[in-house]
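J.: Requesting a structural model of the entry that follows:
(one chain, ligands or ions: 1)
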Amino acid sequence: MYSINKTLKDFSAAHRILKGYQGKCRHLHGHNYSVTVSLSADTLNQYDFVMDFDEVKTLLDNWVQVNWDHCILISEDDEALLAFAKADNQHHFVLPDNKNTSAECLAEFLFQQFRDMLATIDVINKSSLQLQAVEVAETAFSKACYQQ
Ligand SMILES: [Zn+2]
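T.: Numbers count the residues shown, from 1 in each chain. Predicted coordinates:
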């Protein structure tokens, strides 16, 4: 099997960790996040690619930049932060299912989002293409990965 990894353009976002977490990350703070996607295929396309790196970038970078860059990532049950974001017209994104905006849950969300996007677009090699994993890094030393 062939696989490729693509690190997307960094995005900056604010978040905080709820559910009674007592660490310093319960306070609103930000990261310059980095996202890396892994794709695989049993067979290569006509150009001998799993998927064109440029195509990965165009599709997925765009979603991340539009939806999550300079954004407040908000857990669905963080009513106070959501009220502030709405009242002050702050760019925000509500993470569903009452999940904390941990790197683990951000990676899980992106995995599902990207898998759905890849399934609906007209991409060369679609029948063989599989999203393997999405990694979200809060720093160069702290990364979480979601894979199926
Ligand atoms: Zn954080």
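
J.: Am I right that Leu110 is in a helix?
T.: Yes - under DSSP: H, G, I helix; E, B strand; the rest coil, Leu110 falls within a helix.

J.: So what's the residue count around it?
T.: By the criterion of other CB atoms under 10 Å, Leu110 has 23 neighbours. (Glycine included, C-beta is placed from N, CA and C.)

J.: Check the one 5 residues further on too.
T.: For Arg115, the tally of surrounding residues (other CB under 10 Å) stands at 14.

J.: State the three-state secondary structure for the residue nearest to Asp78 when sequence neighbours are not counted.
T.: Leaving out its chain neighbours, the residue that sits closest to Asp78 by CB to CB, 6 or more residues apart in numbering is Leu18, at 5.9 Å. What three-state DSSP gives for Leu18 is coil.

J.: which residues does Leu18 contact?
T.: When contacts are counted by CB atoms under 8 Å, 6 or more residues apart in numbering, Leu18 touches Arg26, Ser75, Asp77, Asp78, Asn100.

J.: Apply 7 Å and report the result again.
T.: Contacts here follow CB atoms under 7 Å, 6 or more residues apart in numbering; on that basis Leu18 touches Ser75, Asp77, Asp78, Asn100.

J.: quick one: the helix or strand bottoming out on mean pLDDT in the chain to chain centroid distance?
T.: Least confident element among the helices and strands of the chain, by mean pLDDT, DSSP states H and E: helix 53-56 (a mean of 93). The chain centroid and the centroid of helix 53-56 are separated by 16 Å under CA atoms, centre = their mean, to the nearest Å.

J.: Just the residues contacting it, thanks.
T.: Applying CB under 7 Å, 6+ apart, the set of residues contacting helix 53-56 from outside is Lys6, Val37, Val123.

J.: I'd like the next helix or strand past it.
T.: Where DSSP states H and E defines the elements, the next helix or strand beyond helix 53-56 is helix 62-68.

J.: phi, psi of Ile17?
T.: Ile17 has phi and psi values of phi -100, psi 130 when expressed as degrees, to the nearest 10.

J.: Could you check how far the residue lying closest to it once chain neighbours are set aside is from Ile72?
T.: Once flanking residues are discounted, Ile17 sits nearest to Cys25: 4.5 Å by CB to CB, 6+ apart. Cys25 is 14 Å from Ile72, where distance means CB to CB, to the nearest Å.
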